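**Student:** Using only what follows, build the 3D model:
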Amino acid sequence: MLFLIVLLLDITGLTSSQIASSVFTLGTAAVLPFYTLMVVAPKAEVTRKSMESSIPYIVLGLLYAFLLYLSWTPDTMRLMFASQYWLPELPGIAKMFSNEMTLASAWIHLLAVDLFAARQVFNDGLENEVETRHSVSLCLLFCPIGIATHCITKALTKGSGTTTHDM
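**Tutor:** Numbers count the residues shown, from 1 in each chain. Below is the predicted model of the structure:
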């Protein structure tokens with residue numbers, strides 16, 4: 001499937017900048033319905049089914065693999081692991097991220113990880129009857145802060161002896 005996408009884009013003659021921009025926009029738009037469902041209709045059947053699905057992660061994974069393939073150069077390994085200890089170094093990574101294709105692939109990677117974390121927060125909130133709308137929203141914007149907010153909310157909710165049923 002990935003081969004067909006590469007072939008199609010090669011036939012259409014898009015530049016790497018256009019490909020990166022298109023996939024960046026596509027990936028960003030693709031996750032928004034899932035966040036919307038978790039925030040607007042957390043107890044709906046469609047939300048439950050969409051949160052059980054692996055399809056968003058497969059699609060984001062394919063987009064990520066596609067961009068990674070396009071961004072890979074013979075110098076990639078040398079730039080990433082320039083030290084004698086084979087550890088990444090900041091100057092090499094900074095040079096790699098000057099490429100739009102690499103930036104777009106990193107963005108898709110972040111979208112996938114953030115959506116996965118938001119789903120975990122959402123499911124944990126349902127299981128423990130804790131409000132998650134604010135935490136899920138923060139996962140979209142600042143994932144670690146969203147996770148921390150959920151942990152704080154969960155601790156405060158359990159500590160007060162009440163739970164919020166009105167998700």
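**Student:** Tell me who's in contact with I108.
**Tutor:** I108 makes contacts with 23-24, 27, 60, 63-64, 67, as judged by C-beta atoms under 8 Å, 6 or more residues apart in numbering. Using the backbone N, CA and C atoms, a C-beta is placed for each residue, glycine as well.
**Student:** tell me the pLDDT at it?
**Tutor:** Note on I108: pLDDT of 95.
**Student:** pLDDT score for the residue nearest to L79 when sequence neighbours are not counted?
**Tutor:** Nearest residue to L79, sequence neighbours excluded (C-beta to C-beta, 6 or more residues apart in numbering): G92, at 3.8 Å. On pLDDT, G92 comes in at 82.
**Student:** what's the helix or strand for G92?
**Tutor:** Following DSSP states H and E, one finds G92 within helix 90-96.
**Student:** From the contacts of I108, which land in strands?
**Tutor:** Within those, no residue falls in strands by DSSP state E.
**Student:** Of those, just say which sits nearest to N123.
**Tutor:** Set against N123, the nearest of the contacts of I108 by C-beta to C-beta is L60 (18.3 Å).
**Student:** In contact with that closest one, which residues are there?
**Tutor:** Counting by C-beta under 8 Å, 6+ apart, L60 has contacts 27, 30-31, 108, 111-112, 115.
**Student:** close enough to count as contact, V23 and Y64?
**Tutor:** No - if you go by C-beta atoms under 8 Å, V23 and Y64 don't touch, sitting 9.1 Å apart.
**Student:** May I have the residues that are in contact with the residue nearest to L79?
**Tutor:** Listed by C-beta under 8 Å, 6+ apart, the contact partners of G92 are 78-82.
**Student:** Could you pull up the mean pLDDT of the helix or strand that contains V31?
**Tutor:** Assessed by DSSP H and E, V31 sits inside helix 16-40. Averaging pLDDT along helix 16-40 yields 92.
**Student:** ok, and what's touching it?
**Tutor:** Contacts to helix 16-40, defined as C-beta under 8 Å, 6+ apart, come from residues 9, 14, 44, 46-47, 50-51, 56, 59-60, 63, 66-67, 70, 100-101, 103-104, 107-108, 111, 114-115, 118-119, 122, 132-133, 136-137, 139-140.
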